[in-house]
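> Below are the sequence and a predicted model for it; my questions follow.
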There are 2 protein chains.
Amino acid sequence: MADTFTVQEKPLRRFCEQVLTKLSVPAEDARVTTDVLVLADLRGIDSHGVARLGRYVNGLKQGTMKATDQSRIIREAKATALVDGGQSLGQVVGKKAMDLAIRKAQDTSVGVVAVRNSNHYGIAGYYALMALEHHLIGLSMTNAGPLVVPTFGRTSILGTNPISLAAPAMKEKAFVLDMATSTVPRGKVEVYNRLGQPMPHGWAVDETGRSSTDPARVLNALAKRLGGGLLPLGGEGEELGGHKGYGLALMVDVLCGVLSGAATGLQVYAEEKKPNVGHFFMALDPTAFRPLDEFRRDMDRLARELKDSPKAQGQDRIYVHGEKSFARTEKFRKEGIPLDPKVVDGLKKIGTDLGIAWSA
Amino acid sequence: MADTFTVQEKPLRRFCEQVLTKLSVPAEDARVTTDVLVLADLRGIDSHGVARLGRYVNGLKQGTMKATDQSRIIREAKATALVDGGQSLGQVVGKKAMDLAIRKAQDTSVGVVAVRNSNHYGIAGYYALMALEHHLIGLSMTNAGPLVVPTFGRTSILGTNPISLAAPAMKEKAFVLDMATSTVPRGKVEVYNRLGQPMPHGWAVDETGRSSTDPARVLNALAKRLGGGLLPLGGEGEELGGHKGYGLALMVDVLCGVLSGAATGLQVYAEEKKPNVGHFFMALDPTAFRPLDEFRRDMDRLARELKDSPKAQGQDRIYVHGEKSFARTEKFRKEGIPLDPKVVDGLKKIGTDLGIAWSA
């Protein structure tokens, strides 16, 4: 990683916010969108970080992402709501919807909000993490454009459909699961392609629907819509549980797509002009079940039990989910955020096009 | 499977109910417990079917499972409840708790019920399926005795912690995901051990914490508490996403164990005399978000899109979750339920001990 570029958080945020406001996004919405992108980089999920700014710039320019928030509540009951995102920025819609779920959980111990007509909302974990500030459990899911091949299929129909759940602890870091339901993201196949290395079996299938170790072939098949795509968690067929990962991806599409009336499966990005991504948010108040400190104390106990247990041969540490990301955030806040020089070039180009100086 | 024994559903049910009532379980509770066990066999999950009756017989005899329902609601709000199972039969407690979640969903669109001090409740899918009769989405999870090794660990700490979600469709079968969060159940390792065959990598680790293909070694290490156990979905390490399966198992323990105040991780069966299994149930009303028929129609569309998509080389069918089980149920109801002769012998022995004639 000698050729990594390091940028400071503050100027990076300022740059992104300037880009968005230049494209008519109101200041507060630009702040929220930037916050989701930069937090992804701070947590080490650089595939969903500022590297994606160009995607939002294009969406805003083309009008597939509305610069001003068009979202509204369509149906509402005490503990539930359906939000129509009005093709606004996914981060703005997602934050508002999760805020609503949180308010409902504060009121009725649980809040469930489904969203349709939204756009790509960044990392699922951002919205689950929001619940922690209120001592709640947070759940966040989204569907996404087709990239994952169902078990025994040969074309991608489901998205990488992530699931994120966050739960507060006491002295230990909060538990923050934030996972795509595919074995790996597409970005990992791209990395192996750049390195010219064969991939492990279980990551992706080519146009025949069989597991392939050839990243170029998989990416080519995807690009030319010949078939192929990522494998669900558990890999090819049923031997290692690929049907389970496929089931989780489908569950996410049921809760995000079908429940809200958003697009599902192949339809998610079928109409490029009118994106219709669906999200699902839930907030749950532990104090409806037991005192908060008892809950947090037992979260600590379980985390310690896992972390203190004997390590596999050749390993010296067991992690609890979220731990690595919290450590990265702390480090990157101090030392700067490492970015791929190509990403920095892309950002600079966006700046040049919009007349915004790159000063990160 | 030439040496499979086929029994009819009705006499099998009658036998199980007689066994349970003989052990002082009230008739209705015996019916519910039997229903959960027999439905597992009917759906083809024979590891959780009547083969386990002996476990409940022992629990009832030893008093670790109370014959009469001791469960009670400890805390309750409009959309949530905490139930203490009072060490009653897990099926009786589970059914009552899911019924409560369903009533709450009918009232406030969503119901969440956490349970502590329960016992093994059979297949997670049973409770999720209950929601379908009410046109609701059902979610059911349970923690379980330690059997799964965390990523980079060498001892089993988490259970196979299953997740089940059921959602109604229209002409298509309902979507019923019912999956352990380990790659395979222990029963599959036992099958390979009986056959003297090596297992695929990614199923289990031995006492060194490294993936093993030797079922005898894994089972021996587990039995002697030397370490080892099942791998989470995604297998060993992080390359194929084992940390994701580990995260899902941990998520289930957070929602079932920590949230309810039940045992978690190693503690689930640590006190054999006082089991403290935790469950998590949720029911969600789709009509809080959109008209039921629109929801069901889109469930059909998504299922058809998956099933009608091109098949991988060498495959001729793509399934939606639950489909195989519904087909099995139909077949077994007509033709009888296939049981391992050893299971039948075990049941007959239970009958002989209790003075109940085997007539299935």
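Thanks, I have it.
> Now the residue of the stretch 101-250 of chain A found nearest chain B, what are its backbone angles?
Using CB to the nearest CB, the closest approach of the stretch 101-250 of chain A to chain B is made by A:Gly209 at 2.7 Å. (Glycine included, C-beta is placed from N, CA and C.) With angles defined as degrees, to the nearest 10, A:Gly209 sits at phi 90, psi 0.
> ok, now which ones touch it?
A:149, A:152-155, A:227-228, B:310-313, B:315 (CB atoms under 8 Å, 6 or more residues apart in numbering or on different chains).
> Could you dump those residues into a markdown table and include secondary structure and pLDDT?
Output for the contacts of A:Gly209, formatted as a markdown table (DSSP: H, G, I helix; E, B strand; the rest coil; pLDDT from 0 to 100):
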| residue | secondary structure | pLDDT |
| --- | --- | --- |
| A:Val149 | coil | 98 |
| A:Phe152 | coil | 98 |
| A:Gly153 | strand | 98 |
| A:Arg154 | coil | 97 |
| A:Thr155 | strand | 97 |
| A:Gly227 | coil | 96 |
| A:Gly228 | strand | 96 |
| B:Pro310 | coil | 98 |
| B:Lys311 | strand | 98 |
| B:Ala312 | coil | 98 |
| B:Gln313 | coil | 97 |
| B:Gln315 | coil | 98 |
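> could you dump those residues to a markdown table with distance to A:Glu172 and neighbour count?
Shown next, in a markdown table, are the contacts of A:Gly209 (distance: CB to CB, whole Å; neighbours: other CB atoms under 10 Å in any protein chain shown):
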| residue | distance to A:Glu172 | neighbour count |
| --- | --- | --- |
| A:Val149 | 37 | 29 |
| A:Phe152 | 41 | 21 |
| A:Gly153 | 41 | 24 |
| A:Arg154 | 44 | 24 |
| A:Thr155 | 43 | 22 |
| A:Gly227 | 45 | 21 |
| A:Gly228 | 41 | 26 |
| B:Pro310 | 47 | 13 |
| B:Lys311 | 46 | 17 |
| B:Ala312 | 43 | 22 |
| B:Gln313 | 47 | 11 |
| B:Gln315 | 45 | 15 |
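> Name the residues linked to A:Gly153 by a beta bridge.
B:Lys311 (DSSP bridges).
> One more: A:Ala166?
A:Gly138, A:Val176.
> how much space between it and A:Arg103?
17 Å (CB to CB, to the nearest Å).
> out of the two, which sits in the more crowded spot?
Each of A:Ala166 and A:Arg103 had its neighbours counted (other CB atoms under 10 Å in any protein chain shown), and the higher figure belongs to A:Ala166 (26 against 15).
> give the contact list for the more buried one.
So A:Ala166 contacts A:125, A:128-129, A:131-132, A:137-138, A:174-177, A:322 (CB under 8 Å, 6+ apart).
> Try it again at 6 Å.
Shown in contact with A:Ala166 (CB atoms under 6 Å, 6 or more residues apart in numbering or on different chains): A:128-129, A:131-132, A:138, A:174, A:176.
> The closest residue to A:Val268 other than its chain neighbours: how many residues sit nearby?
Excluding its sequence neighbours, the residue lying closest to A:Val268 (CB to CB, 6 or more residues apart in numbering or on different chains) is A:Gly145, at 5.0 Å. A:Gly145: 19 surrounding residues under other CB under 10 Å.
> residue contacts, A:Gly145?
Contacts of A:Gly145 (CB under 6 Å, 6+ apart): A:159, A:268-269.
> Report the beta-bridge partner residues of A:Asp84.
In beta-bridge terms (that is, DSSP bridges), A:Asp84 pairs with A:Arg72, A:Arg116.
> What is the nearest of the contacts of A:Ala166 to B:Leu306?
Taking CB to CB as the measure, B:Leu306 sits nearest to A:Ala128 out of these, at 27.1 Å.
> what's the helix or strand encompassing the closest one in contact with?
Using DSSP states H and E, A:Ala128 falls within helix A:125-132. Residues outside helix A:125-132 that contact it (CB under 6 Å, 6+ apart): A:36, A:39, A:94, A:98, A:138, A:140, A:164-166, A:168, A:174, A:176, A:178, A:281, A:283.
> By residue count, tell me the biggest helix in chain A.
helix A:90-108 (DSSP state H).
> what mean pLDDT does it have?
Per-region confidence: helix A:90-108 scores 98 on mean pLDDT.
> Which strands or helices does it pack on?
helix A:27-42, strand A:110-118, helix A:125-132, strand A:277-284 (3 or more CB pairs under 6 Å, 6 or more residues apart in numbering or on different chains; DSSP states H and E).
> Before I go, just wanted to say thanks for your time.
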